[in-house]
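Visitor: Here is a sequence with its predicted model. Questions after.
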Amino acid sequence: MEMTLRSIADLVAGAGIRAARETGNEPEPALTQPADWPIQCTVGPGLEGAIACESRVGYVNGSKGWLVYRGYDIFELCARADYDEVCWLLLHGVLPNRRELAGFRQKIAAYRHVPGTLRLLMGFPVEKMAPMAALRLGTNLMRQEFTFCDIDPDDGENRRNAEEAGTDWVSLDDDSIAMETPPLGGARAVYEFSPVASSPRMPGSDLQSADGLEACYHLIAGIPTMAAAISRIRRGLMPIDPDPQLSLSANFLYMLTGRRPTELETRIMDICFILHADHGMNASTFACLVVASTLSDLYFSIGAGIGALNGPLHGGANEQVLYMLEDARQSVNVSQFVHDKLQKKEKVVGFGHRVYRAYDPRARVLAPLARLLSQNHAEGQSLFATAEQLEVEMVSRLGETKKIFPNVDFYSGIVYRCLGIPTDLFTCVFAASRVAGWTARTLEYLANNRIFRPRALYIGDFGRTYVPVDER
């Protein structure tokens, strides 16, 4: 087993060497320097190219195929770190020392045990819900359990209890919040929501405390628990309690399958979580920041990210890749399958990316892992053979001319299938790992918050006159 784990590190390191050989070593000057606000940039539809904020969390260079977390190349982290370390890195900006890592793991072990939230969740028809819809609901239920931002000031009993506890209800009015920070707001972001002091609460559950780190820990720990529980409930099984001795990734597989994963499975799941932990200012990350910028709380913000990730243009693509590979496997030959797809101008799922004009670094890591796992998995072996052929066909046709290469979704589905993860849970796995990046970027943005308020170009009419309904 030690040799196998070492071989995984070698596979990832080898992918990093090949990537470095094919790209330059300098970042984009215009996108890697502090801004002198206001700045000028070229903006396309959907805010493409717009600069929303500064960040130290992560960096994506699409033309070179780079992915960097807090200064560390993704290949370096996948070869040497585990997901627990990467979560701390994204949130705190540095890798944890031994004491910090032990403390973090202890806290995560406690926070991923969410029986109250699961009891609330099981009161809904989860078995009839789409997994991502259930996961977003579960996130809101975590908020119900851990926060007090939903106290109704119009409730007479709550008001009396609060007045006895010395809580000022004016501070719960959103009109009283200092809305923004410089250049046009106050000197710092001020959070004026106050919990009822006499109410029992989990330590650190006040999201409007200094930095909200406790809420980040809750979400990072609890969402994988809920994702695994949702899958089991949908299959007519009872949720499994997390094992405090297992890591985040190992626990996810254990709670999902009921079997403690091998070291090999744990390491590969770790790498999958690391690869999906952050990816720049994508749609779901932006959704989180937009909600957080209103001074809502982290649970609502992450719920918005889950909603955005659900879309087939964002997080749902790896499911579609697996279905496509199954179709391609049944065709006369893969070359003809690709030819027919392109002739009909149909999308070949898992190829091309909104940002990358080079080989997606995450796909570089996942491809050899899929090959390794599929060696002992009959269906996976067949799917991987089809995927290899499909990649050769697509890259030979479109790689040089259109810069279209495999993206993260192309091989991730094969890896998940070999790990025993149901296809309908793939996007939930994406969310369970991306919550680390979502929370890190949200905390970072709130430190210098400015509510998002883009404008639209009005291209409608003026001067129209109202006509009574009987005369229309």
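Guide: Okay, I see it.

Visitor: Quick check: residue 60 is in a helix.
Guide: No: read with DSSP: H, G, I helix; E, B strand; the rest coil, residue 60 is strand and lies in no helix.

Visitor: pretty sure it is in contact with residue 32, am I right?
Guide: No: counting by CB atoms under 8 Å, residue 60 sits too far from residue 32 to count as a contact (11.2 Å). To be clear about C-beta, it is placed using only N, CA and C from the backbone, and glycine gets the same treatment.

Visitor: So which of those two has more stuff around it?
Guide: Each of residue 60 and residue 32 has its neighbours counted (other CB atoms under 10 Å); residue 60 has more, 21 against 11.

Visitor: Report the secondary structure element holding the residue nearest to that one when sequence neighbours are not counted.
Guide: Excluding its sequence neighbours, the residue lying closest to residue 60 (CB to CB, 6 or more residues apart in numbering) is residue 280, at 4.0 Å. Residue 280 is part of no helix or strand, with elements assigned from DSSP states H and E.

Visitor: So what's the residue count around residue 280?
Guide: Per other CB under 10 Å, the neighbour tally for residue 280 reads 18.

Visitor: In contact with it, which residues?
Guide: 58-60, 355 (CB atoms under 8 Å, 6 or more residues apart in numbering).

Visitor: Taking those together, which two end up most distant?
Guide: 58 and 355 (12.2 Å; CB to CB).

Visitor: coming back round to it: any idea how far the residue nearest to residue 60 is from residue 228?
Guide: 27 Å (CB to CB, to the nearest Å).

Visitor: and if you look at residue 467?
Guide: On the measure of CB to CB, residue 467 and residue 228 end up 58 Å apart.

Visitor: ok, now residue 392?
Guide: As judged by CB to CB, residue 392 and residue 228 stand 36 Å apart.

Visitor: Of those two, give the one with the bigger neighbour count.
Guide: A side-by-side neighbour count of residue 392 and residue 228, using other CB under 10 Å, places residue 228 first with 27 against 14.

Visitor: pLDDT score for that one?
Guide: What the model reports as pLDDT for residue 228 is 97.

Visitor: wait, what's in contact with it?
Guide: Contacts of residue 228 by CB under 8 Å, 6+ apart are 239-240, 252, 255-256.

Visitor: Scan those and report the most crowded one.
Guide: Busiest of these [other CB under 10 Å] is residue 252, holding 29 neighbours.

Visitor: who's in contact with whatever helix or strand that one lives in?
Guide: Assigned by DSSP H and E, residue 252 belongs to helix 248-257. By CB under 8 Å, 6+ apart, the residues outside helix 248-257 that reach it are 82-84, 87, 108, 112, 220-221, 224-225, 227-229, 231-232, 239-243, 246, 259-261, 265-266, 269-270, 272-273, 419-421, 425, 429, 432.

Visitor: After it, which helix or strand is next?
Guide: Scanning onward from helix 248-257 (DSSP H and E), the first element met is helix 263-275.

Visitor: ok, and what's touching that following helix?
Guide: By CB under 8 Å, 6+ apart, helix 263-275 touches 1, 4-5, 8, 12, 74, 77-78, 81-83, 86, 247-250, 252-253, 261, 362, 365-366, 369, 372-373, 408, 412, 415-416, 419, 429, 432-433.

Visitor: can you pull out the strands in the stretch 1-150 of the chain?
Guide: Along the stretch 1-150 of the chain, counting by DSSP state E, counting those that start in this stretch, strands occupy 58-61, 66-69, 72-73.

Visitor: what pairs with the second one, and is each one parallel or antiparallel?
Guide: Going back to what we said before, that points to strand 66-69. strand 58-61 (antiparallel), strand 72-73 (antiparallel) (DSSP bridges).

Visitor: mind showing which ranges of the stretch 151-300 of the chain have poor pLDDT?
Guide: The model of the stretch 151-300 of the chain has pLDDT under 70 over residues 151-211.

Visitor: 50 - rerun?
Guide: 151-154, 156, 158-160, 162-163, 165-185, 187-211 (pLDDT under 50).

Visitor: what ranges do the helices span in it?
Guide: 156-165, 213-234, 248-257, 263-275, 283-293, 298-309 (DSSP state H, counting those that start in this stretch).

Visitor: what sits up against the next helix or strand along the chain from the last one?
Guide: Yep, that's helix 298-309 we're talking about. Downstream of helix 298-309, the next assigned helix or strand under DSSP H and E is helix 317-330. Contacts to helix 317-330, defined as CB under 8 Å, 6+ apart, come from residues 312, 334, 337, 348-350, 382-383, 386-387, 390, 407-410, 412-414, 416-417, 423-424, 426-427, 430.

Visitor: And the buried ones among the residues you listed, selectable in PyMOL?
Guide: Buried residues within those, by 16 or more other CB atoms under 10 Å, are selected in PyMOL with:
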select buried, resi 334+337+348+349+350+383+386+387+390+407+408+409+410+412+413+414+416+417+426+427+430
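
Visitor: Show me the contacts of helix 317-330 that map onto helices.
Guide: 334, 337, 382-383, 386-387, 390, 408-410, 412-414, 416-417, 426-427, 430 (DSSP state H).

Visitor: mind checking which helix or strand residue 345 is in?
Guide: According to DSSP H and E, residue 345 maps onto no helix or strand at all.

Visitor: could you list every residue that touches residue 294?
Guide: With contact taken as CB under 8 Å, 6+ apart, residue 294 is in contact with residue 451.

Visitor: Relative to residue 452, how far out is it?
Guide: 8 Å.

Visitor: So what's the residue count around residue 342?
Guide: Residues near residue 342, counting by other CB under 10 Å, number 15.

Visitor: Does it touch residue 348 like I think?
Guide: Yes: assessed by CB under 8 Å, residue 342 is found in contact with residue 348 at 7.4 Å.

Visitor: got the contact list for residue 61?
Guide: Contact analysis of residue 61 by CB under 8 Å, 6+ apart lists 27-28, 68.

Visitor: Show me what counts as buried in stretch 9-29.
Guide: Applying 16+ other CB under 10 Å to stretch 9-29 flags 11-12, 15-16, 19, 23 as buried.

Visitor: Could you do stretch 102-111 as well?
Guide: Buried residues in stretch 102-111, counting neighbours by 16+ other CB under 10 Å, are found at 104-105, 107-109, 111.

Visitor: And for stretch 84-97?
Guide: Going by 16+ other CB under 10 Å, stretch 84-97 has these buried residues: 84-91, 95-96.

Visitor: Please state the offset of it from the chain centre?
Guide: Mean-position distance between stretch 84-97 and its chain equals 16 Å (CA atoms, centre = their mean, to the nearest Å).

Visitor: Identify all contacting residues around that stretch.
Guide: Residues contacting stretch 84-97 (CB under 8 Å, 6+ apart): 56-58, 69-70, 72, 77, 81, 100-101, 104-105, 108, 213, 216, 220, 247-248, 273-274, 277-278, 436-437, 439-440, 443.

Visitor: Distance to residue 316 for the contacts of residue 61 - can I get that in JSON lines?
Guide: Conversion of those to JSON lines gives the following (distance: CB to CB, whole Å):
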{"residue": "27", "distance to residue 316": "31"}
{"residue": "28", "distance to residue 316": "29"}
{"residue": "68", "distance to residue 316": "26"}
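
Visitor: Pick out whichever of those residues sits closest to residue 142.
Guide: Closest to residue 142, out of all of the contacts of residue 61 and judged by CB to CB, is residue 68, at 30.1 Å.

Visitor: wouldn't that closest one be in contact with residue 77 here?
Guide: No: at 9.4 Å, residue 68 and residue 77 do not qualify as touching, with contact defined as CB under 8 Å.
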